[in-house]
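Peer 1: return a 3D structure for these sequence lines:
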Amino acid sequence: MVIHSKLTVFFDQAFYRGVFEQWTPTGYQVARVTFGTQPPSAPQLQQVIWQRWPTLQWTAPTRVVVSETHHRVKQRQRAAQRELKQHGARQRATVLLKTEHRQNLQLKKQRQRQARVQHAAVVRQKQQAKRLAKRRGH
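Peer 2: Have a look, this model is predicted:
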C-alpha cells in the first residue's frame, strides 16, 4: 500500500497553520494543525509529525485519481514552484475541510432538534400527568 503525504504550512490571519494531505488507495484525506503565532521550526514540525500523526483528525476519504508517473527532479521542482504560486493544494484541502465542517454542522443541528423535540415531549407528559393528578379526588 503506497501512501503519499504532504504538509503545507501557511500564515492564515493571525496564526501559522499546517495542512496535512494524504493520498491512499482509499482516497484523499486532509487534517489541519494550528502551530501558533510564530513560524514553526524544523524540529517543531518533526515533533508534530512523529508525535501527533496518530491523533490527527482526518477527514473522510474522498476518491481522487493519483498518477503513478515518475518525473525528473527538475520537473518536480518546477511543479512545486507552480503549486506554491497557485495555492492549489491548499485550496483543495480547504474546500474539503469546509464541506466536512458544513456536514458536521448539519448533523449537529439535527441532533439538537431531536433533543429539543424529545425534551418538549417529556415536559408535555409531565404537565399532563400533573394536570391529571390535580383532577383526581381524595
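Peer 1: quick one, strands of this structure?
Peer 2: Secondary structure of the chain by DSSP state E: the strands cover 4-12, 15-24, 27-36.
Peer 1: elements contacting the shortest one?
Peer 2: Translated: strand 4-12. In terms of contacts (3 or more C-beta pairs under 8 Å, 6 or more residues apart in numbering; DSSP states H and E), strand 4-12 is packed against strand 15-24, helix 42-52, helix 88-135. Glycine gets a C-beta too; all of them are placed from N, C-alpha and C.
Peer 1: and those as a markdown table, adding mean neighbour count?
Peer 2: Below are those laid out as a markdown table (neighbours: other C-beta atoms under 10 Å):
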| stretch | mean neighbour count |
| --- | --- |
| strand 15-24 | 17 |
| helix 42-52 | 12 |
| helix 88-135 | 11 |
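Peer 1: ok, which of the ones you listed comes nearest residue 62?
Peer 2: For residue 62, the closest of these is helix 88-135, at 6.6 Å, according to C-beta to C-beta.
Peer 1: would you turn the helices and strands packed on strand 4-12 into a markdown table with distance to residue 77 and mean pLDDT?
Peer 2: As requested, the helices and strands packed on strand 4-12 are exported to a markdown table (distance: least, C-beta to C-beta, whole Å; pLDDT from 0 to 100):
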| stretch | distance to residue 77 | mean pLDDT |
| --- | --- | --- |
| strand 15-24 | 19 | 88 |
| helix 42-52 | 20 | 90 |
| helix 88-135 | 16 | 89 |
